[in-house]
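**Q** Below are the sequence and a predicted model for it; my questions follow.
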Amino acid sequence: MSNHIYPTPGKEMSQQRARLAPDVHDAFQTFSTQVFAEGALPAKAKQLIAVAVAHVTQCPYCIKGHTKLALRQGATPEEIMEAIWVAAEMRAGGAYAHAAVAIETMNELERKQRE
């Protein structure tokens, strides 16, 4: 990655992660393999979901990795972009929905001031 905030992942870093916690690393790898295997959802759909979630969690490693994997599973650039737009809507939708908390707080304070 060209951004200097995030280290460029590589084989050495992956090996160190595995060496520092081998049991957890192996369990995670097994879990990840199972999650993205063909099942009730096709592998391509799972990768498109992962692309969308990666944009919501804002993980640049996940965005890059799952975009590549989605393409390998046959996703088109248009499908990937639509998945990203779904993520954007859901992220914005969360702010929109949680505005209810701010509105309720403002209304409560206004009621108290009138009392």
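**A** Structure received. Numbering: from 1, shown residues only.

**Q** Pretty sure Ala50 sits against Thr67.
**A** No - the pair Ala50 and Thr67 fails to qualify as a contact (CB atoms under 8 Å) at a distance of 9.1 Å. In short, each C-beta sits where N, CA and C put it, glycine included.

**Q** for the residue nearest the centre of the chain, what are its contacts?
**A** What sits nearest the mean C-alpha location of the chain, by CA atoms, centre = their mean, is Ala54, with 2.2 Å. Contacts here follow CB atoms under 8 Å, 6 or more residues apart in numbering; on that basis Ala54 touches 62-63, 66.

**Q** out of those residues, who's nearest Glu38?
**A** Nearest to Glu38 among the contacts of Ala54, counting by CB to CB, is His66 at 16.3 Å.

**Q** Please work out which residues outside stretch 33-40 touch it.
**A** Here stretch 33-40 has contacts from 43, 46-47, 50, 69, using CB under 8 Å, 6+ apart.

**Q** end-to-end on that stretch?
**A** One end of stretch 33-40 to the other measures 15 Å (CA to CA, to the nearest Å).

**Q** One more: stretch 68-76?
**A** Stretch 68-76 has an end-to-end distance of 11 Å (CA to CA).

**Q** the longest helix in the protein is where?
**A** Assignment by DSSP state H gives helix 77-114 as the longest helix of the chain.

**Q** And it, what's buried?
**A** Across helix 77-114, burial judged by 16 or more other CB atoms under 10 Å covers 79-80, 83-84, 86-87.

**Q** for the residues you listed, which one is nearest Ala21?
**A** Set against Ala21, the nearest of the buried residues of helix 77-114 by CB to CB is Ala87 (29.7 Å).

**Q** That closest one and Thr8, how far apart?
**A** In this structure, Ala87 and Thr8 are 24 Å apart, going by CB to CB, to the nearest Å.

**Q** and if you look at Arg19?
**A** Arg19 sits 19 Å away from Thr8, going by CB to CB.

**Q** Same check on Ile63?
**A** The value you get for Ile63 to Thr8, if CB to CB is used, is 15 Å.
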